[in-house]
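Asks: Pasting the sequence and the predicted coordinates here, then a few questions.
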Amino acid sequence: MVQLKVLLVDDEKEFVTTLAERLELRGMDVDIATDGEMALGLVETDPPQVVVLDVMMPGLGGMEVLERIKAVDSSIQVILLTGHGGTKDGIKGMQLGAFDYLIKPVDIDELIEKLNEAAKNGL
Amino acid sequence: MDKIKSKEIVFFGKITAGITHEIKNVLAIIQESSGLMEDILAITPDETFPRKDKFNISLKRISGQIDRGVDITTRLNKFAHSPDHSPDHVDLNEVSEQMVLLASRFARLKNVAIEADPHDAPMIIHTHPVALEMALFESIEILLNALSSGGKIRLYPRKIQDRYVFGICYEGTIPSRADVSPAVSSSGRWASLQETMAYLGGTAKAFDPGLEILLYFPQSVNT
């Protein structure tokens, strides 16, 4: 079975590092980025199959990062993590090319299901 | 003065909404950390980890409290956004569920439960969201103050012919009907509720002495 390569992007370092460990325990290859610039750098040098991207980040916001990832490689699938304004941000993101969106905090099983669906979609 | 008051409410809402985002981030980190502990426990043989079951029970409890915290912050965030647009379109069914959470702590102090009983169709009116929530909260407080401990308050928005009605009904032991009615209509809160309802272009009536308050709303408030 091919190992799924995921990039987690969120400015809450404790959140991404812990979530990364949980996904690694489930056999995924996970990179983390704590801001948009760092994420875009990793997309260029070590492209993932799926990016899990927080919408609300200081500096480059999630929507802008999404557009730039899609400009680099449109086959990379992006799942947005939204806050309270979930549906509104999620729909906007999907119009910009996001695969789907999840509302924070996420259920791990739901996230894994969504990651697998996204990876299939990117093939 | 009114303009400053309005700005104060919007400011208060904006700051509260921002803080709820931060609290949600904290909850997300706690959730992932306790989830990671659960993951590690799941792959740890029982014989190498004494009292593993007790750890699992505690982690499930943490998980339940995180869900509760997320629900509270989500509703608080929605409430904090209420002053963003006024007047605005509001679904009375959604507001009934929102009020359950916002008022449940106050009700719990009198051992009273609150439940929403939404209508089976959307109940959308154009009104001032903060004043609407205030009217509902005042109605709940009036019933809590007038009645004895225990029982339940049911919130049920309904459309009766062309009128939008929001019922707040107490279901429990009534001390004495004669005692209840004056307590409702003579309370300072009742006068305040009437004032709020007048601002919303509606009226408030107490029925079946004190057991039930009905709030009548126009489909669209005059601006």
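Replies: On my side now, so go ahead.
Asks: Only C-alpha atoms from now on, for both contacts and neighbour counts.
Replies: OK.
Asks: can you tell me how far A:I79 sits from A:K5?
Replies: Distance, A:I79 to A:K5, using CA to CA, to the nearest Å: 13 Å.
Asks: Contacts for stretch B:88-102, please.
Replies: Contacts to stretch B:88-102, defined as CA atoms under 8 Å, 6 or more residues apart in numbering or on different chains, come from residues B:72, B:75-76, B:79, B:114-119, B:122-129, B:133, B:136-137, B:155-157, B:166.
Asks: Tell me which of those fall in strands.
Replies: When DSSP state E defines the strands, the subset of the contacts of stretch B:88-102 inside them is B:114-116, B:124-127, B:155-157, B:166.
Asks: Show me which residues of chain A are close to chain B?
Replies: A:12, A:14-15, A:18-19, A:21-22, A:25, A:83-84, A:104-106 (CA under 8 Å from any CA of the partner chain).
Asks: Model confidence score at the closest residue in space to B:D117 that isn't next to it in sequence, please.
Replies: The shortest distance from B:D117 to any non-neighbouring residue, by CA to CA, 6 or more residues apart in numbering or on different chains, is to B:Y156 (4.8 Å). Looking at B:Y156, its pLDDT stands at 96.
Asks: So B:Y156 sits against B:I114, correct?
Replies: No. Taking contacts as CA atoms under 8 Å, B:Y156 lies outside contact range of B:I114: 11.0 Å.
Asks: Sort out which residues of stretch B:60-69 are buried, please.
Replies: B:62-63, B:66 (16 or more other CA atoms under 10 Å in any protein chain shown).
Asks: quick one: contacts for B:Q31?
Replies: Residues in contact with B:Q31 (CA under 8 Å, 6+ apart) are A:105, B:62-63, B:66.
Asks: And the furthest pair within those?
Replies: Using CA to CA, the two most remote members of the contacts of B:Q31 are A:P105 and B:I62, lying 13.9 Å apart.
Asks: So what does the nearest residue to A:L19 once chain neighbours are set aside have for phi and psi?
Replies: Excluding the flanking residues, the one nearest A:L19 by CA to CA, 6+ apart is B:E32, at 5.9 Å. Backbone torsions for B:E32, taken as degrees, to the nearest 10, come to phi -70, psi -40.
Asks: Distance of B:E32 relative to A:V106?
Replies: Distance from B:E32 to A:V106, by CA to CA: 9 Å.
Asks: any residues touching stretch A:18-35, and which ones?
Replies: By CA under 8 Å, 6+ apart, stretch A:18-35 touches A:3-13, A:16-17, A:39, A:57-60, B:29, B:32-33, B:35-36, B:39.
Asks: Could you do stretch B:115-129 as well?
Replies: B:82-83, B:86-94, B:96-97, B:100, B:152-159, B:164, B:200, B:218-221.
Asks: Can you select the buried ones among these for me in ChimeraX?
Replies: Buried subset of the contacts of stretch B:115-129, written as a ChimeraX selection, criterion 16+ other CA under 10 Å:
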select /B:82,83,87,88,89,90,91,92,93,94,96,97,100,152,153,154,155,156,157,158,164,200,218,219,220,221
